[in-house]
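Colleague: make a model of this:
(2 chains)
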Amino acid sequence: MNVLSEKIAFVTHPDYTKHYPTYDHPECPDRVTAIANLVENSALAAHVDTLHPEPAPIDQVTLVHSPAYLEKLKTACENGNFWFDYEDTYINAFSYEIALLSAGGCIEGARAVLEGPYERAFCSVRPPGHHAAGDLGMGFCLLNNIAITSRVAQRQWGLEKIMILDWDVHHGNGTQEIFEKDPSVFYVSIHEHPTFIFPGTGRRWEKGSGPGSGYSMNIPLPPGAGDSEYIHSMESLIIPAIKEFAPELILISAGFDAHNQDPLSDMTVTEEGFRKLTALTLEASRDYSSGKVVSILEGGYHLEALKASVRMHLEELIFFGKEEKCLSGEE
Amino acid sequence: MFVRRRMKRSVITVNKDNSLIEAKSKMVRHGVNQLPVMDGETIVGIISKRDIDSATMPLILLGEKEEGKIREILETTKVTKLMTKNPVVANVNDTLEDAVILIHDHRVGSLPVLTDEGKLAGIISKTDVLEAFIEALGVNEVSQRLEVVVDDKPGTLAEVINIIKRFKTNLISLMTTPHPLGGKRIVYLRVASLNVLPIKKALEEKGIEILDPRNAPG
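Modeller: The predicted model follows:
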């Protein structure tokens, strides 16, 4: 057994900026650049190993998306189309390969914790993934990174039970659809109520179907909800679900767009709130799972709020359960 | 939208000479709560599960002796005894709005739908109407809701739509209600986009109020 690293894996790639919009759009390359700068230029740098991934192999991506869908995406990018499936989901000539690199980043994060030596990983990737269904891109998402990672973790590392915790402010309709009939991947989402925000799914009675019945959980919160509502939901609903399901791995769809400054939502979570959500997840992972957590960037569109939230998230990923004190205010 | 598009065309009915027990078992078998009562081709009434249940004690609470008695009553009493005569009906040419108003005003669960000649052509239930409402709201389509306030005068909604048009976003649903403060209307839109930020900005630049769902009226 390998000795666990004191560091966490920080997965990112300079090429993530090559998927860019030609007009003002919230899902912009600056998001990952800002996070990379934050990590490089702060005391966090000493506590992470930065990993640059390879693009996800096609035979891993097809565990989730049909070959026809991949072909359609590839062709759309080659043809110079400006958007894909929905007008809000832009593409450029590089988007196909960068989407593969984004999925590859998340697989790399899973490899880093499942093969070691890391216990936790944060994947600062884009384009995001949780809205993408098996055959449909939408909501800025082309490939469903976290779904692909779950399938690869099952196929390649033999995992049986995976939990996906999605705290992006939007419901991860793609992820839910992919796993709703599957009891081996438990999808939990906490999000702004679908009456008020995209994509309009994730109502409280959506709990999976067929053999997957009971293995999806949706917690829609009213507009304006903040730290206390999120933490309460975490403690009263999500942690008991983690305890009951006892997953071998927890993957986080870590969107930071429930932040009170985010322009796309109506929620009021603070960066401290994201710290607490992270700590609660890690505590539950330690107590009821393997302690292994791979966190994958989804949304978060206010750059300063994103940086502040990711910083708190990373500090917890690095220091939770350790003697050393947190870093905030060190600089 | 017309009633004929939403009504169920295969209607389960009972004959006026049928017994209550026959009506009840038909309801159970077909999963419906109401049955039009027919005299040949003509509708003479409607009988609901509630009509039968409220006229009999719940069987489960009775001893064996009483249960047998109740069963005998159900077997020997005709549906005409408990049915509602002259039921509220819709016409095949009625609109869905007509059906909504009738169901609401008369507090009924469903409306038999008749042709001009008085022949039974279908039945439309509360559930059928709600299904149409769900569709009209656009809640089953990938979309995000926007609520804006416009002055209650001609042309203000066109201005909103024209601004949205610039963003090449499909409009999934559109409804308006009066604003509680008067003189204004609230417009509820569903657009097929996650990226509503530029739309919101453009609307606000034109002085159109966007409702914050955290403190929206109504």
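Colleague: now do the same for the nearest residue to B:Ala202 once chain neighbours are set aside: its pLDDT.
Modeller: Closest residue in space to B:Ala202, ignoring its immediate chain neighbours: B:Ile163 at 5.0 Å, by C-beta to C-beta, 6 or more residues apart in numbering or on different chains. Heads up, the C-betas are built off the backbone N, CA and C, glycines and all. Listed pLDDT for B:Ile163 reads 93.
Colleague: same question for A:Ser209.
Modeller: On pLDDT, A:Ser209 comes in at 97.
Colleague: got it, and A:Lys292?
Modeller: So A:Lys292 comes in at 97 (pLDDT).
Colleague: contacting residues for it?
Modeller: Taking C-beta atoms under 8 Å, 6 or more residues apart in numbering or on different chains, we find A:Lys292 in contact with A:Val113, A:Leu114, A:Glu119, A:Arg120, A:Glu248, A:Leu249, A:Ile250, A:Ser285.
Colleague: how about the residue nearest the centre of chain B, secondary structure?
Modeller: Centroid-nearest residue in chain B: B:Val129, 2.5 Å away (criterion: C-alpha atoms, centre = their mean). Put simply, B:Val129 is helix when judged by DSSP: H, G, I helix; E, B strand; the rest coil.
Colleague: you'd agree it is up against B:Arg6?
Modeller: Yes - between B:Val129 and B:Arg6 there is a contact under C-beta atoms under 8 Å: 7.2 Å.
Colleague: what is in contact with these two at once?
Modeller: Residues within reach of B:Val129 and of B:Arg6 at once, by C-beta under 8 Å, 6+ apart, are B:Leu96, B:Ala99.
Colleague: thought B:Leu102 was touching B:Val88?
Modeller: Yes - using C-beta under 8 Å, B:Leu102 and B:Val88 qualify as a contacting pair, with a distance of 5.7 Å.
Colleague: got any ranges where the chain has weak pLDDT?
Modeller: No chain was given, so I picked chain A. Across chain A, the ranges flagged by pLDDT under 70 are A:1-2, A:324-331.
Colleague: that's the wrong chain, I wanted chain B
Modeller: Chain B contains residues with pLDDT under 70 at B:57-60, B:62, B:216-218.
Colleague: what about the helices in it?
Modeller: B:3-6, B:20-30, B:49-55, B:64-76, B:96-106, B:126-137, B:156-165, B:197-205 (DSSP state H).
Colleague: quickly compare these and say which is most buried.
Modeller: Neighbour counts (mean count of other C-beta atoms under 10 Å in any protein chain shown) averaged over each of those peak at helix B:3-6, with a mean of 18.
Colleague: residue contacts, A:Ala68?
Modeller: Counting by C-beta under 8 Å, 6+ apart, A:Ala68 makes contact with A:Asp135.
Colleague: what is the burial count for residue 188?
Modeller: Just so you know, I chose chain A. 25 (other C-beta atoms under 10 Å in any protein chain shown).
Colleague: try chain B instead
Modeller: B:Tyr188: 16 neighbours (other C-beta under 10 Å).
Colleague: doesn't B:Met175 make contact with it?
Modeller: Yes - at 4.6 Å, B:Tyr188 and B:Met175 qualify as touching, with contact defined as C-beta under 8 Å.
Colleague: what does chain A put close to chain B?
Modeller: Neighbours of chain B within chain A, by C-beta under 8 Å from any C-beta of the partner chain: A:24-27, A:86-88, A:131, A:138-140, A:170, A:173, A:194-201, A:223-224, A:263-264, A:266, A:301.
Colleague: of these, buried ones?
Modeller: Using 16 or more other C-beta atoms under 10 Å in any protein chain shown as the burial test, these include A:25-27, A:86-88, A:131, A:138-140, A:170, A:173, A:194, A:196-201, A:223-224, A:264, A:266, A:301 as buried.
Colleague: inside strands: which ones of those?
Modeller: A:Tyr86, A:Glu87, A:Asp88 (DSSP state E).
Colleague: the first one bridge partners, please.
Modeller: Assessed by DSSP bridges, A:Tyr86 has beta-bridge partners A:Phe84.
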